[in-house]
Structure formats: C-alpha cells, structure tokens
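Asks: Could you work out the structure for the sequence below:
(one chain, ligands or ions: 1)
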Amino acid sequence: MGDAGGGGRGTRGSPSCPGGSPGPPRGVTCGWPGRAIPWWPPTQPRGPPEGVSHGQPKMLIPWWPPTRPQGSPFQIVKIGLVVPKYPPCGGATPPWVHKGGDPCSSGTPNPLQAPKGTGCPPRATRPRWMPSFPSLAAFVAPKDKLFYGFLKPWLGDGLLLSHGDKWARHRRLLTPAFHFDILKSYVSIFNSSTHIMHAKWRAAAEAAGGTAELNVLEHLSLLTLDSLQKCIFSHDSRCQEQPSEYIEAILELSTLVVRRHHRLLHHPSWLYRLSADGRRFARACAVVHDFTADVVQRRRRALNRLGHQAWLESHQGRSMDFIDLLLMTKDEDGNTLSDEDISAEADTFMFEGHDTTASGLAWLLYNLAHHPQYQERCRQEARELLKGRDVAEIEWDDLSRLPFTTMCIKESLRLHPPVTAVSRRCTEDIAMRDGRVIPKGVICLMSIYGTHHNPDIWPEPQVYNPLRFSPENSQGRSPLAFIPFSAGPRNCIGQSFAMAELRVVAALTLARFAVRPDPARPVRRKTELILRAEDGLWLRLEPLPEEG
Ligand code: HEM
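Replies: Below you'll find the model as predicted:
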C-alpha cells in the first residue's frame, strides 16, 4: 500500500519550496536531508477543494519542523527521529534556509557536479530524475522502519515488510498465485461482492426517494474486504451486510496505524503498549491473527490427513484460494512455507489489497461524477458488453473488452494514486546514472503523486483526461511516468488482481447507477496510508432502469 505500502504515504502536494517566506511551507520538496516525517503536521493542512487549481503540486513530503529552523537542521536528530549523517546542500547551510526558492536548484552548487556524498540529492518528481528512476537501487532497499515499522506487529514478515533473501524467496513463491489462470476464478467473486453493494445502494436510494447520498469510500472498502476475504480464505463473513469482528479489527488497525504516525508520544513501542490505543491495537491484532491462524491450521491439518491428491479433490468445485495456493507452493529445493509465513502473507494481502483498491475505485467514481461525458461512454461500453446476457456478470474475457473504462481507471490512478509515495532506507551509497549519489543511511521518499503531477510529463496535470491513455497518446511515454503500483522488483504483486477488480466494479456500477457529485459535501484530499478524502468521499447515486 505501498506505504504502505502503505508506508511512505506523504501528505498533500505543495506549490513550492520554502524560499524566503515565513512559516512552514506545505509539502516542501527539498527537505533533504531533513526527510519526510509522516506524523507531521498533526492535522492536515486544508487545501483547496478538489477541482480547484492550487498551483503546481510538486511533492508530497510533509515538512518538519513546523517553524523555520534558526540553527542546526538536525533538531530532529536530537530527539532521535532522524538518522542521516549527511552534509546539507552547499555545505553548512540547511537546505531550507536558502533564499530564492528551491535550494536544490538555486544558490547551491550544481548537485550534478557535487562530489560524492555532498550534493543535494534530487527529488523524484524532477524531470531529470526520471531516467534514473529504474536504476534506483532504493527500490530494492529495505523499507524504512519509521514509515513501515508500525505495521510490523500486524503484518509480520510478509512480502511488504520483509527484505533480503527472505523477501526474494517469498516473492518467487507467491508470484504464481497471481497468475492470470488463478485470477480468472476470482472474477465471479468480484461480481457477487459488487451485487451485494448495489443492493444496499438501491435500498438506500429507495429510502431517500430516488437518489442515495453515500460516502462511497466506506462502501467500497467493505466491498474490497469482502472480496479479499473470499479470495484469500474462501470465507464469507457477510461483512457488507452485518458487522464482522475480523473486518472491524482490520479497519481499526488501519485507523490506529495512521493515528500512531501522528502522535509522537506513541512512537516508542513501550509507551504505545501502555496507551489505550496500544491496547486496542494489540486486541485487534489478536483478532486478526487468530482468524488467520485458525484457517491456516485447519487447512494444514486437512492437507496432512488427506494427502495432496485427496485434499485437492475434496475442494469439490470450490476454486483454490490464496491459502490453498500458499500451502501447496514449493521452492526449487522442495521447501514449503511455514504456517507463520502463510499467515503473514495472508494478513499482508488483506491489508495491502483492500484500502488501496477501495481508494482507487472511490476516486474513479468521483472523477467520472465530475465528467459525465466520460461516465456515459463507460456506461455504453459496459451495457454493450452485458446486452442480451441472462445474468449481468462481467467475465474474465470481458476485461479486455472495456478499453475506455480501463483508460478512465488509469487516468484516475494517475490523478489520485491510492499510494502517494513509497520510501526506502538506503543501506549503501546509491550512485545515480547521472552521477549524483544518494548517501547510505538516507531515507528516500519517492513520490508517486509528484511523478503523476509532473507537468513536463503530464501537461495540465490537474485535468482528468482519460485520452492520455489511448494507445496513440501512450506511445513513447516512459513506463516510469505512470507508477501507481510502484516500479521495479518490489512493485505491487497484486496489480493484475486490483485492475481486474477495478474493471468489474466500475463496469457494473456504471451500467446500473448514475453517479453525480454531492455539492453539499466538497471533497478534499487527505493522505493517510492511502489517499482518502477529509470527511469521506460523498457522491449521489441514482439507480438506472435495467436495459432490456
Ligand atoms: C489499486 C490497488 C493497489 C495499489 C494502488 C497498490 C499499490 C502498491 C504499491 C505502490 C506498492 C509498493 C509499496 C512499497 O514499495 O512500499 C505495493 C506493494 C504491494 N502490494 Fe499493492 N496495490 C494495490 C492492490 C493490491 C492488492 C489487491 C494486493 C493483494 C491482493 C496487493 C499486494 C501488495 C503486496 C503484497 C505488496 C508488496 C510487494 C513486495 O514488496 O514485493 N496490492 N502495492
């Protein structure tokens, strides 16, 4: 989730570097080596509502300290939060006290010519960084503990948080579980979870006299949790219709992790454990772990009792879920995953797969609500596909027959990437292709949001224009210009799963509902572990008559 995998999810974009103006600029792009502190500011700065131009957002790095530092830039080091032992740009002066704007571009030695370890490392959103993006060894470097560490008690050593040989081995073992042949069988789950959500929407619309006003992010979050629980555990908790202890625990854990980032006193584990939040976190972790361990152990016992062949036959038409696949997987030496490993991976999929996909879907509906012409084109595409079918279901082979809807999804992931940044701790000096060096020890925040809003790559970046992703307009564009699922070997393993779910839910929803903005509830972006909206993402949903 990415920062999330959550992890390094920064905050709102900023217009510019500090320059000479007083006070903390929003989203400073050049706080290196002060680096991103995700728990600051305690409340999100209130930016303009969505759709209102706010200058050119450059990067999502929250800024520390709150007021301009007069002395050493390493105030934070004194309280033990920042590690870099790294000379600031141009020598003695902290990068943020340079006059005249971006210290990385003016008033300082050209970082391209700076000797190793003394230059100002570039920010990821700068055009000249782009060619270096793929070679950035930081993509395979370990996740830094500040961004991702709070997830550890929940996700353990799953794919998102593990590193080194363990990560490489698990990534190899898990990759086949995301093969198209496996994903095919999940499409019917995406359909059925969407039907359940739509039934709720219809009931809400009827109760409201025709149009429902809903916080779609909440509904979509339950939908994605529902479908993931079915795909991973073959378990139907009916969480979209009734409370589920397990699902509530996951939602609570996500909230608590975000809150811990914001509360400095909750950072040390021993203090957190003593706090009310820490105790709630421990309880919710126990609920999640007990559920996962129970499924894994029951399956393991059945597998041991029956043997592989009989166990497979005992599925009786039920397709393999992720737990089955992970129980069966073996590396080249015949080693399998332990129960603990499988549980960590399953918990990671639940975490990494639900909020991200829900955010992607919610922002897609938001963007289409504001662009009725594109919404109508998607609707025609979906209705054409479903015409004449007894059951209005999207099938696997249909997914490639939704080209315009796919363009709309991609443009939405560009404009509103669910994971806004990822971060890595550089374990060695990293030489960039252009000669600059990111010194060992630096925590490197790579802004997905900033990359997607770079006007040199995306003209008029604030404009929602799905035609950017037409085959002809995509020609020649660097694959690194569009990175909602990150890039390199540690990219999102679940991206095909997510894209399939996004297409099914989008096509069915637009075929059945007209989606409109809710003028009474302006939407403002808010970055937590994923890109959300302050006070929810409210839209108006009107059921459409069934097509004959
Ligand atoms: C729109 C939906 C999604 C988005 C935007 C997204 C985005 C990302 C990003 C940016 C990363 C890199 C995180 C980092 O390096 O810190 C990532 C990693 C990951 N994602 Fe996703 N993701 C999505 C859906 C999913 C789903 C559905 C699953 C699983 C079912 C999943 C599982 C994972 C895992 C396990 C990793 C860690 C991979 C590794 O480090 O090897 N994601 N995702």
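Asks: give the contact list for the residue of the stretch 401-548 of the chain found nearest the ligand.
Replies: The minimum distance from the stretch 401-548 of the chain to the ligand, using CB to the nearest ligand atom, falls at Gly494 (2.2 Å). From N, CA and C alone the C-beta is placed, and that goes for glycine too. The contact partners of Gly494, by CB atoms under 8 Å, 6 or more residues apart in numbering, come to Phe178, Phe349, Glu352, Gly353.
Asks: Please pull up the helix or strand immediately following the longest helix belonging to the chain.
Replies: Longest helix in the chain by number of residues, with DSSP state H as the criterion: helix 276-313. Per DSSP states H and E, the first helix or strand lying C-terminal to helix 276-313 is helix 322-328.
Asks: What is the burial count for the nearest residue in space to Arg425 that is not next to it in sequence?
Replies: Using CB to CB, 6 or more residues apart in numbering and skipping residues adjacent in sequence, the residue nearest Arg425 is Asp144, 3.9 Å away. Look at Asp144: counted by other CB atoms under 10 Å, it has 22 neighbours.
Asks: With Lys440 instead?
Replies: 16.
Asks: quick one: it and Thr427 touch, right?
Replies: Yes: if you go by CB atoms under 8 Å, Lys440 and Thr427 touch, sitting 6.6 Å apart.
Asks: Show me the residue at the heart of this structure, geometrically.
Replies: For the chain, the residue nearest the mean C-alpha position is Val419 (3.0 Å; CA atoms, centre = their mean).
Asks: you'd agree it is up against Thr356?
Replies: Yes: at 6.2 Å, Val419 counts as touching Thr356 under the criterion of CB under 8 Å.
Asks: Surely Leu445 is in a strand?
Replies: Yes: according to DSSP: H, G, I helix; E, B strand; the rest coil, Leu445 belongs to a strand.
Asks: Identify the bridge partners of it.
Replies: Ser423 (DSSP bridges).
Asks: Can you give me the domain boundaries for the protein?
Replies: 1-102, 145-543 (automatic domain parsing).
Asks: Show me where the protein has its strands.
Replies: 2-3, 5-6, 212-215, 421-425, 430-431, 437-438, 443-447, 513-517, 525-527, 531-533, 538-543 (DSSP state E).
Asks: low-confidence ranges in this protein?
Replies: The chain contains residues with pLDDT under 70 at 1-142, 316, 548.
Asks: which residues sit in contact with the closest residue to Thr175 other than its chain neighbours?
Replies: Spatial nearest neighbour of Thr175, chain neighbours left out: Ile493 (6.8 Å); criterion: CB to CB, 6+ apart. Listed by CB under 8 Å, 6+ apart, the contact set of Ile493 reads Leu159, Arg171, Leu174, Thr175, Phe178.
Asks: wait, Met407 sits on Ser470?
Replies: Yes: using CB under 8 Å, Met407 is in contact with Ser470, at 6.4 Å.
Asks: the more surrounded of those two?
Replies: The residue with more neighbours, out of Met407 and Ser470, is Met407; 22 against 13, by other CB under 10 Å.
Asks: Relative to Leu303, how far out is Asp339?
Replies: According to CB to CB, to the nearest Å, Asp339 stands 11 Å off from Leu303.
Asks: I meant Cys239, not that one.
Replies: Taking CB to CB, one finds Cys239 at 27 Å from Leu303.
Asks: Can you give me the neighbour number for Pro235?
Replies: In this structure residue 235 is His, not Pro. His235: 16 neighbours (other CB under 10 Å).
Asks: And for Lys230?
Replies: 19.
Asks: residue contacts, the closest residue to it other than its chain neighbours?
Replies: Nearest residue to Lys230 in three dimensions, chain neighbours excluded: Ile189, at 4.8 Å (CB to CB, 6+ apart). Ile189 makes contact with Ser227, Lys230, Cys231 under the criterion CB under 8 Å, 6+ apart.
Asks: Out of the residues you listed, which is nearest to Ser412?
Replies: Ranked by distance to Ser412 (CB to CB), the contacts of Ile189 are led by Ser227 at 19.3 Å.
Asks: Run through the residues that contact the closest one.
Replies: Ser227 makes contact with Tyr186, Ile189, Phe190, Ser193, Glu501 under the criterion CB under 8 Å, 6+ apart.
Asks: 7 Å - rerun?
Replies: Ile189, Phe190, Ser193, Glu501 (CB atoms under 7 Å, 6 or more residues apart in numbering).
Asks: Scan these and report the most crowded one.
Replies: Highest neighbour count within the contacts of Ser227, by other CB under 10 Å: Glu501, with 28 neighbours.
Asks: for it, what are its contacts?
Replies: Counting by CB under 7 Å, 6+ apart, the residues that Glu501 touches are Phe190, Ser227, Thr357.
Asks: ok, and which of those reach the ligand?
Replies: Counting by CB under 6 Å from any ligand atom, Thr357 from these sit close to the ligand.
Asks: ok, so of the contacts of Glu501, who is nearest Leu217?
Replies: Nearest member of these to Leu217, counting by CB to CB, is Thr357, at 11.4 Å.
Asks: tally of neighbours for that closest one?
Replies: Here the number of neighbours of Thr357 (other CB under 10 Å) works out to 27.
Asks: same thing with Lys330?
Replies: When counting by other CB under 10 Å, one arrives at 10 neighbours for Lys330.
Asks: Tell me what it is bridged to.
Replies: With DSSP bridges as the rule, Lys330 is bridged to Thr336.
Asks: change the start of the numbering to 85 and stick with it
Replies: Okay, residue one is now 85; in that scheme the one you just asked about reads as Lys414.
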